Structures are given as C-alpha cells and as structure tokens.
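In: turn this into a structure:
(one chain, ligands or ions: 3)
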Amino acid sequence: MTTNIRINADRLWESLMELAKIGATEKGGVCRLALTDLDRDARDLFVKWCKEAGCTVSVDNMGNIFARRPGRDNSLPPIMTGSHIDTQPTGGKFDGCYGVMAGLEVIRTLNDYNYETGAPVEVVVWTNEEGSRFAPAMVASGVFAGAFDVNYGLSRADVDGKTMGEELKRIGYAGTEECGKRPVGAFFEAHIEQGPILEAENKTIGVVQGVQGIRWYEVTVTGMEAHAGPTPMERRRDALVGTSEMVLAVNRIGMSNLPYACATVGMLQNMPNSRNVIPGRVFFTVDFRHPDAKILEKMGAELKAEVERISKQRRLDTEFKEIWYSPPVKFADECVAAVAQASKDLGYEGRPIISGAGHDAVYLSRVAPTGMVFVPCKDGISHNEIEDAKKEDLAAGCDVLLRAMVDRANAAAAG
Ligand code: HGY
Ligand code: MN
Ligand code: MN
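Out: Ligands and ions are numbered 1, 2, ... in the order given. Reported below is the predicted structural model:
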C-alpha cells in the first residue's frame, strides 16, 4: 500500500464529537444504552454517514449494521472492522465509538484517495456489546459467531422485562438478514485500551494478542424481612449482611489470584430497601476475569463454596447462577502480524498486549482471522464519563487499522 496515505485526524475527531452529542451527560460522558431512542438516533447518524460515503448498508435480525465498500473482486469475503456504539450508563465518548468511527474514517480515506482494495471492506456496528441494559455482553456478535442462537439473543430482557427483539422492532432496527450468514474474510477492531499500560509506557499502539477470559454470575440471597426495631439480633436472617460477606469474598478471591485476576460486584439490588425493614432478599452480579481459563474456573468454584458456607452459617437461601462464560481468546497470527507491521511501517513501536476488556472481536475470532489495535486512554480510565483520549493517538490507531485492513484485503485478492 502506498505509504503516503493518511487518515484525516480532524474528521475522525469531529465525527466522534458529533456522535458523542447523542446521549451527552453533564460530566462530558455519554449515556446511550442499547436499543434506546438515543441508540436509534446514533445508528441513524452512522447509517447516514455511511451512505454519504457511498456504502451500501444492511441490518441483520440482531440489529447489527453492515456498511459495505466494494473492492476489485467482490466475490471475496470482506475485510471487516467495527465495534459498538451502545454505552455504559456512565460511559465515555470513545469506548466502542472509536472503533466504529475509525472504520468509517478508513472508508472515507479510501474514497479520498480513490483507492480500490482487493477484497471489499465493511464497517459494522454490533448490537448491545456492553451487556449493561441486556446481559450478557457482546450478545449480538455472539449470535453472529454461533455462540448463542438468535432466539436466545432476541429474548434477552432488561430490568423492566423489555426484550431485545421488542426493542429492535420499536427502534426500527429489526433487520431481515439472518444474523451470522454474512461471510467475513478477516475482522479488525480498533479500541481504546481502557487500562493504564500504554499510557504508562508512553506507547501509542497496542498490538493486541488476545483477550482474557470472563465469567459472569448472578446471585440471589433470600433471608427474612422483619421489623428493624423489635427483632432481636440473634433471630435475624438478614440477606444484606450475608451478601456483604459474599461481596468481600469476591474481592478476596480476586486478590488471591493476582497479578492478573479481576473481581467485581457491579450490580446490587436490596429488597425491600426500606430503612426500617431487615432486608429479605438481595440480588447481585459478579464479574470474574483472568487470562488463564483454569484459574478463572477455580475462582468460580471458590466463590460457589464461599457463598454456600456463608448461606449456611447465616441461615439464608441462595441461588448462585453462572450466566456467561467467554473463554480466553488468542487472535490470529496473520492479523496480529498485520497490525504489528502497520505500526512499524508508520514508525510506532507496537506494544504487544492482552485485552482486559471483552470486545466483539472475541466472538468474531471464532469465525474469521481477527486482530485488534489499541490506543491509550487518559489515566487508563474507561466506563466513566471522564474517559478521554488524544486526537493524535486516535489518528495513529486509525492509520494502523487502515493499513492492516488494506494489507489483508490485497493479500486475499492476490490469492
Ligand atoms: O465487559 C466488557 O469487558 C465490555 O466492556 N463489554
Ligand atoms: Mn468496548
Ligand atoms: Mn465497554
């Protein structure tokens, strides 16, 4: 590929800032939960921009959006890139959106230079990557890769009982194309690191080798509601006291499997949540992560044993459910090499790195050679409204993405 092609850093930044206006929060973040009206508005903007860039746009029955730019040989499977535009409730401007806008910028730049790739290229918005409104995370790329069937995906419900299928119809993104039938030649995802390593080492590009494993659990602890006044301490079956010991156990298990383990209780609902009623029932979630599948499994087994011990000791009834397992993933050598070579050609020292966060690339790696490009984010903070990144780093990652994609698209056409 001619080395003088560069993406337009200002256009990439402006598109990110424009997209971030949809669901903008007071603190400078974005709250745009999957399949809300705001998600619809962001999808509409993405589709409009893609059509302005000459792409043909299609939507599958999980609401995944595919924008296609033809190549020299359109019988070849496309080189795909993309990410997500749904956010956490206190999300930032860059998580997911960077990967989608970088993909669009690749297409816009190829148009600027009238550059024809060997194979076609496609940019994708994957539905509900965050797993915040609907669990699990990455569910639509999971359906695409055959990890979940489409009925499972469409039946995922939010806390109000609204399903993904109903909400896709409501916002007009229940596509007709069968999810997963689309060929993929290779998939690349550009993303902010969401951790501190690249910034701490003053590196611009992360050459992602793979993604650590993830296990999600849901725990419902049932005791006995009673009056906070006349009920003697020794007679109580307090679900929140038992839960508190379980939450500390989650943290203890994480701390005892360092240096790589991560352990988080992110959601907790206390019922009836009234100041003078002893809590009768508590629901909480657990997010365990580790790059080693065996250690991750051991962490889950330790937690199950601790939950049973605490329940027995405090005379509580507890339901302990594993609701999602995403095994550790290693990306394809040819894609990792394409990202590393592109970084080198552009004068960046590509830092090999394992992703702590899950991404749609996890599931795409089951159906196509897959790679990721990371760029630093400020103080390594993400899933927070203060999430920030430098324009020049975002542009560097997008230039690497463009080169890696063109390398694979032309290699495919060369046969
Ligand atoms: O949970 C994750 O790692 C991603 O943000 N969905
Ligand atoms: Mn993300
Ligand atoms: Mn995220």
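
In: and the pLDDT for residue 3?
Out: For residue 3, the model assigns a pLDDT of 68.

In: how about residue 415?
Out: Taking residue 415 on its own, its pLDDT is 82.

In: need the residues of the stretch 101-250 of the chain near ligand 1, please.
Out: Within the stretch 101-250 of the chain, the residues that sit near ligand 1 (Cβ under 6 Å from any ligand atom) are 129-131, 137. C-beta coordinates here come from the backbone N, C-alpha and C atoms, glycine included.

In: in the protein, which residue is most central in space?
Out: By Cα atoms, centre = their mean, the chain has its centre lying nearest to residue 359, at 3.9 Å.

In: tell me the one of the residues of the stretch 101-250 of the chain next to ligand 1 nearest ligand 2?
Out: Of all those, ligand 2 sits closest to residue 129, with 5.6 Å by Cβ to the ion.

In: then the top helix by length along the chain to CSV, C-alphas only?
Out: With secondary structure taken from DSSP state H, the chain has its longest helix at helix 391-414. The C-alpha coordinates for helix 391-414 follow below in CSV (Å, rounded to 0.1, in the frame of the first residue of the first chain):
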residue,chain,number,x,y,z
LYS,A,391,-6.7,13.1,18.9
GLU,A,392,-3.2,12.2,17.6
ASP,A,393,-3.3,8.7,19.3
LEU,A,394,-6.8,8.0,17.9
ALA,A,395,-5.5,9.0,14.4
ALA,A,396,-2.4,6.8,14.8
GLY,A,397,-4.5,3.8,15.7
CYS,A,398,-6.8,4.5,12.7
ASP,A,399,-3.8,4.7,10.3
VAL,A,400,-2.7,1.3,11.6
LEU,A,401,-6.2,0.0,11.2
LEU,A,402,-6.3,1.2,7.6
ARG,A,403,-3.0,-0.4,6.7
ALA,A,404,-3.8,-3.7,8.4
MET,A,405,-7.1,-3.9,6.6
VAL,A,406,-5.7,-3.0,3.2
ASP,A,407,-2.9,-5.5,3.7
ARG,A,408,-5.4,-8.3,4.3
ALA,A,409,-7.8,-7.1,1.6
ASN,A,410,-5.0,-7.1,-1.0
ALA,A,411,-3.5,-10.4,0.2
ALA,A,412,-6.9,-12.0,-0.2
ALA,A,413,-7.1,-10.7,-3.8
ALA,A,414,-3.6,-11.9,-4.6
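
In: can you name every helix or strand that it contacts?
Out: With contacts defined as 3 or more Cβ pairs under 8 Å, 6 or more residues apart in numbering; DSSP states H and E, helix 391-414 has these neighbours: helix 9-20, strand 79-83, helix 97-112, strand 186-192, helix 333-345, strand 370-375.

In: tilt between the first one and helix 97-112?
Out: In this structure, helix 9-20 runs at an angle of 140 degrees to helix 97-112, with axes from the mean of the first three to the mean of the last three Cα atoms, to 10 degrees as the basis.

In: show me which residues of the chain are close to ligand 2?
Out: Applying Cβ under 5 Å from the ion, we find that the chain lies next to ligand 2 at 95-96.

In: how about 8 Å then?
Out: Residues of the chain lying near ligand 2 by Cβ under 8 Å from the ion: 83-84, 95-96, 99, 129-130, 191, 194, 357-359, 382.

In: with pLDDT and distance to residue 404 added, can I get these in TSV?
Out: Compiled in TSV, the residues of the chain next to ligand 2 are given as follows (pLDDT from 0 to 100; distance: Cβ to Cβ, whole Å):
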residue	pLDDT	distance to residue 404
83	98	15
84	98	20
95	98	21
96	98	19
99	98	13
129	98	21
130	98	25
191	98	14
194	98	20
357	97	20
358	97	21
359	98	16
382	97	23
